[in-house]
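# 3D model of this:
(chains A, B, C and D)
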Number of protein chains: 2
Amino acid sequence: MQYQKVENLSSLLKSISHPIRLKILCLLQEKELTVGEIRDEVATTHANISQHLTILRNQGVIDFRKDANFIYNRIADERVTEMMKTLRSLFCQPGTK
Amino acid sequence: MQYQKVENLSSLLKSISHPIRLKILCLLQEKELTVGEIRDEVATTHANISQHLTILRNQGVIDFRKDANFIYNRIADERVTEMMKTLRSLFCQPGTK
DNA sequence: TCAGTTTTTAATTTAATGCTTAAATTTAAT
DNA sequence: ATTAAATTTAAGCATTAAATTAAAAACTGA
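Numbering: from 1, shown residues only, chains lettered A, B, ... in the order given. Model prediction:
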């Protein structure tokens, strides 16, 4: 694997290697969600969610659209969805610890 | 996804979200390698490699065997091998940036 | 045991993260 | 206009991570 790809991939993985951000990506697998909806599921402050969303946006993992005073977040890269599917099937099946 | 699995998975991802550790896992896909062999590929100090290997061992990602005064490292969890395959096919194909 | 390798440990320094709080924006509704 | 709701930004502090250096183990073969 060439140098640049190692850097890019580790940067991507790093951006999702946090319980809150991982949870956010799981939630966004289903459908797009507002910041407030995400906060309700994740149980932390708005500010904290906002910061985690910023990290995911800067990495290009998620995208958003504005509607009224809501911001709807969605996964931006199809490969991330695929990766999440694999991760869940490998590590989140019933019976795996 | 339940709480514990989110924690476990983010902990696993975190342990591999470092350029050196990701490179190590790529190298170990092929075959088991000694600390010195890894160092030759990765270009840092022995001490640094040793510390990164410790992180991967503590996470249960890699395992090792001793032979003479060499330590041969290998991937310990088949699921990690599968994950790496998926990651490489998604993010490391020629043509992906 | 001695010399030579390989690997680990410890100590230090520096940088990056994560959370909280508070203040600031933006937009919509009243 | 004013208020209220949703979101972002920034500051501060504590924790954690990474790299470097130096020293110390662990092991082999002579």
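
# In this structure residue A:25 contacts residue A:84, no?
Yes: Residue A:25 lies in contact with residue A:84 (C-beta atoms under 8 Å); the separation is 5.8 Å. Any C-beta I mention is one placed from the backbone N, CA and C, and that applies to glycine too.

# Please report the distance of the residue sitting nearest the centre point of chain A from residue A:3.
In chain A, the C-alpha nearest the mean C-alpha coordinate belongs to residue A:25, at 3.1 Å (C-alpha atoms, centre = their mean). From residue A:25 over to residue A:3 the distance is 27 Å, taken as C-beta to C-beta, to the nearest Å.

# Check residue A:92 too.
Counting by C-beta to C-beta, the gap from residue A:92 to residue A:3 is 32 Å.

# Between those two, point out the one with more neighbours.
Using other C-beta atoms under 10 Å in any protein chain shown as the criterion, residue A:92 and residue A:3 rank with residue A:92 on top: 16 against 9.

# how many other residues sit next to the nearest residue to that one once chain neighbours are set aside?
Spatially, and ignoring its direct neighbours in sequence, residue A:92 is nearest to residue B:5 (4.8 Å; C-beta to C-beta, 6 or more residues apart in numbering or on different chains). Neighbourhood size, residue B:5 [other C-beta under 10 Å]: 18.

# Same check on residue A:31?
9.

# What confidence value was assigned to it?
For residue A:31, the pLDDT comes out at 91.

# ok, now which ones touch the closest residue to it other than its chain neighbours?
Distances taken as C-beta to C-beta, 6+ apart put residue A:74 closest to residue A:31, at 8.0 Å, once the chain neighbours are dropped. Applying C-beta atoms under 8 Å, 6 or more residues apart in numbering or on different chains, one finds that residue A:74 lies in contact with A:28, A:31, A:32, A:62, A:63, A:64, A:65.
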